[in-house]
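> structural data only, the sequence is not supplied:
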């Protein structure tokens with residue numbers, strides 16, 4: 001199995017925006033925007049057990065964030081979440097590596113883990129479904145773009161293309 005990450009951020013496709021609208025309405029929040037953070041592409045090659053036939057398969061999984069009118073946490077609560085993440089980070093990266101391949105690094109330094117629902121807005125610091133590896137320069141872009149998404153600013157408040165990149 002080979003995992004490839006394609007990094008945004010991009011405007012959310014219609015499907016993601018619709019899911020965000022439904023989630024927000026069901027939880028009593030107002031949707032401000034939607035940010036498609038990354039796309040995971042999974043490729044598998046192998047052979048069938050019963051037949052001597054080589055096969056290939058694949059799938060994609062879009063990681064996106066619904067920017068809602070979540071309240072921001074006080075600085076002390078945010079720092080508490082940061083400490084929890086710091087304690088959890090090593091085991092999380094090990095688990096990720098076992099499932100998807102080695103956690104990315106550059107010059108011996110591991111890439112940061114990006115919290116999809118950020119800690120400032122109450123994101124769970126140790127939920128494995130809330131974190132993925134982000135290239136350092138891309139992580140900085142996410143950090144700068146989140147405030148605009150939470151404020152309902154363009155381009156995060158409009159629908160984007162179904163697939164905003166090519167992988168050929």
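Looks like it came in fine. Worth saying up front: this structure is predicted, and the values here are computed from it rather than measured. Numbers count the residues shown, from 1 in each chain.

> residue ranges of the strands in this structure, please?
Under the criterion DSSP state E, the chain contains strands at 2-11, 31-47, 54-68, 105-106, 109-110, 113-115, 131-133.

> closest one to residue 20 among those strands?
Of all the strands of the chain, the one in closest proximity to residue 20, counting by CB to CB, is strand 54-68 (3.6 Å). For the C-beta atoms, the positions are set from N, CA and C on the backbone; glycine is no exception.

> scan the chain for its longest helix.
Secondary structure assigned by DSSP state H gives helix 75-100 as the longest helix of the chain.

> that one to strand 2-11, inter-axis angle?
140 degrees (axes from the mean of the first three to the mean of the last three CA atoms, to 10 degrees).

> give me the residue at the spatial middle of this protein.
Residue closest to the average C-alpha location in the chain (CA atoms, centre = their mean): residue 63, at 4.2 Å.

> who's that one bridged to?
Beta-bridge pairing for residue 63 (DSSP bridges): residue 38.

> test my guess that it contacts residue 116.
Yes. Using CB atoms under 8 Å, residue 63 is in contact with residue 116, at 6.4 Å.

> name the residues contacting each of those two.
Both residue 63 and residue 116 are in contact with 37, 132, where contact means CB atoms under 8 Å, 6 or more residues apart in numbering.

> low-confidence ranges in this structure?
Scanning the chain for pLDDT under 70 picks out 168.
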